[in-house]
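**Student:** Okay, sequence plus prediction incoming.
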Amino acid sequence: MDFRSKSIEFRHVLDPYALYEIETAKDYYSRLNLTKPSSVGDDYKVYVNSEEDDGIKAFRKGDQWFLPNGTATSGNLIYQGGLVYPSYAGKGTDGKQTRLLQIQSSGPEEGTGRVYKSEYSFDDYKPQINFMPRLAFSFPISDDAGFFAHYDVLYQRPPSNSYASPLDYFYFQDINRINPNGDALNNPNLKPVRTVDYEAGFQQKVSETMAIKLSAYYKEVKDLIQQRIITNVASPLNSYKYFDNLDFGTVKGFSFSLDRQYWIIVMVVVLHTMDQKSVVKIFLKILALVLQHFWCLVNHIQETSRQQLLEVLVLLVQ
C-alpha cells in the first residue's frame, strides 16, 4: 500500500488550473435556476465572460475544454491569449462571492467577517492501495526442453518532485516564486509509476554441456513523471509549469542466449629424487588417484574429448 500522512506537505490544490475551487455546472445552473444542457456534465468547471458578466464563456473537465453548448474544443481556441475568468465556488443567488478567496489574508475580512479556509483551495492526499501480482510458470515438454512465461505488475512511488512547501501556495500567483529560474513546481498529488511486464520463452538442451534459450518480452510503463505547462490560468499567473504523471512508454524485444559449460582438468605431479622403484610407486599412486577423481567427469565429456584425454594419459604414462 502506498501511504502518505495527511501533513501539509502532502496537501495539493483541488485543481491545477486555479488556486481556489471552481464552481461546477450543476451548482451554476442550480444557483441561477436554469436548465442545464444535456450535453454538459454535472462536474464540468464553469468559466464566465468576466467578473461583471456571469454568462458562460466555456466549460472544462480535467484538461478538456468545451464550448457553452458542450462541444469539445481547445482552450487556446476559446481564449486566444486573453484573460480567463473562472466562476469560483461560493457564489450566492445574487452572484456575489460569500467566501474570502485571499490565501494571504491574516484574519477575518474587515466589514464582512469572511475568513479564508484551506478547504477552498486544498485537499489531502488520498492513500492508495496498489496490487502487484507476479505470476510465473514453467511447462516441461520433455527431459531436455520446456516453455516458460511470467507476468508482473510493479508500482514505484514518485522518487522526487512530490514535496511542495506551504510557501509555494502562499505565493502561488507569483510566477517567480513557483517557477524560479524556469524550474517546475513540485506536485504532492503525483501517482506511482506503474510497470506491467510480460515474457514468454522456450529453452532446449542441445548437448551435455550446451543449452539454448529463446524469449520474447513486452513491457508497459505508465504514469511517468514529466514537466507540463498549464495554460489558460486566471490572471496574474496566466500559465505555469509543474510536474505531473504525463508520459508513458512501451518496450518490446526478443532475446536469444547460448549457454555452455566448460570443464577444466588440472593435473599436478611432484617428483622427488629417489631410486627407480620408489619413483615408479609414487607415480602409479598419483595416477590412480587422478583417475579415481576425474573418471566421473570424463563420463560427461563428449566421446571425442574422452578419447583425447585418454591419449594424453597414455603419453604421460609412457
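**Tutor:** Structure's in. What do you need? The shown structure was predicted, so the numbers you read here are calculated from the model rather than taken from an experiment.

**Student:** pretty sure N69 contacts S38?
**Tutor:** No: taking contacts as CB atoms under 8 Å, N69 lies outside contact range of S38: 10.7 Å. All C-beta spots, glycine's among them, are computed from the backbone N, C-alpha and C.

**Student:** the more surrounded of these two?
**Tutor:** A count of neighbours by other CB atoms under 10 Å puts N69 above the other of N69 and S38, at 10 against 7.

**Student:** Mind telling me what element that one is part of?
**Tutor:** Using DSSP states H and E, no element contains N69; it sits outside every helix and strand.

**Student:** Tell me which residues touch it, please.
**Tutor:** P37, S39 (CB atoms under 8 Å, 6 or more residues apart in numbering).

**Student:** Do you know the pLDDT at it?
**Tutor:** pLDDT, N69: 92.

**Student:** ok, what's across the strand from the most centrally placed residue in the chain?
**Tutor:** For the chain, the residue nearest the mean C-alpha position is V193 (1.8 Å; CA atoms, centre = their mean). On the basis of DSSP bridges, V193 is bridged to Q156.

**Student:** Just the buried residues of stretch 103-111, please?
**Tutor:** Neighbour-count burial for stretch 103-111 flags I103 (criterion: 16 or more other CB atoms under 10 Å).

**Student:** And it, end to end?
**Tutor:** Terminal residues of stretch 103-111 lie 18 Å apart, using CA to CA, to the nearest Å.

**Student:** what's the answer for stretch 234-248, then?
**Tutor:** Using CA to CA, the end-to-end distance of stretch 234-248 comes to 29 Å.

**Student:** List of residues touching it?
**Tutor:** 16, 18-19, 83-86, 161-162, 172-173, 175, 178-179, 182-187, 190-191, 193, 220-233.

**Student:** now the strands for the stretch 1-150 of the chain?
**Tutor:** 11-13, 45-48, 56-61, 64-66, 72-73, 122-124, 134-140, 145-156 (DSSP state E, counting those that start in this stretch).

**Student:** What strands line up against the shortest one, and which way round?
**Tutor:** For strand 72-73, the paired strands and their directions (DSSP bridges) are strand 64-66 (antiparallel).

**Student:** Enumerate every residue touching A184.
**Tutor:** Contacts of A184 by CB under 8 Å, 6+ apart are N161, Q227, R228, K241, Y242, F243.

**Student:** Next up, phi/psi of it, please.
**Tutor:** phi -80, psi 150 (degrees, to the nearest 10).

**Student:** mind checking pLDDT for it?
**Tutor:** A184 is given a pLDDT of 93.

**Student:** ok, E23 touching Q97?
**Tutor:** No: contact between E23 and Q97 fails when scored by CB under 8 Å: they sit 10.4 Å apart.

**Student:** Excluding chain neighbours, what is closest to G95?
**Tutor:** D54 (5.3 Å; CB to CB, 6 or more residues apart in numbering).

**Student:** ditto for D42
**Tutor:** K26 is the one closest to D42 (CB to CB, 6+ apart), at 4.0 Å.

**Student:** Just give me the neighbour total for the one you found.
**Tutor:** 15.

**Student:** residues in contact with it?
**Tutor:** For K26, counting by CB under 8 Å, 6+ apart, the contacting residues are K36, D42, D43.

**Student:** between those residues, which is closest to G201?
**Tutor:** D43 (46.7 Å; CB to CB).

**Student:** okay but that closest one is in contact with T24, surely?
**Tutor:** Yes: applying CB under 8 Å, one finds D43 in contact with T24, separated by 5.5 Å.

**Student:** Give the pairing partners of the helix or strand hosting R228; include direction for each.
**Tutor:** Applying DSSP H and E as the criterion places R228 in strand 210-230. Strand pairing for strand 210-230, using DSSP bridges, gives strand 193-207 (antiparallel), strand 240-260 (antiparallel).

**Student:** Which of those strands sits closest to V48?
**Tutor:** strand 240-260 (21.8 Å).

**Student:** Identify each of the helices in the stretch 1-150 of the chain and give its residue range.
**Tutor:** Under the criterion DSSP state H, counting those that start in this stretch, helices of the stretch 1-150 of the chain are mapped to 25-31, 75-79.
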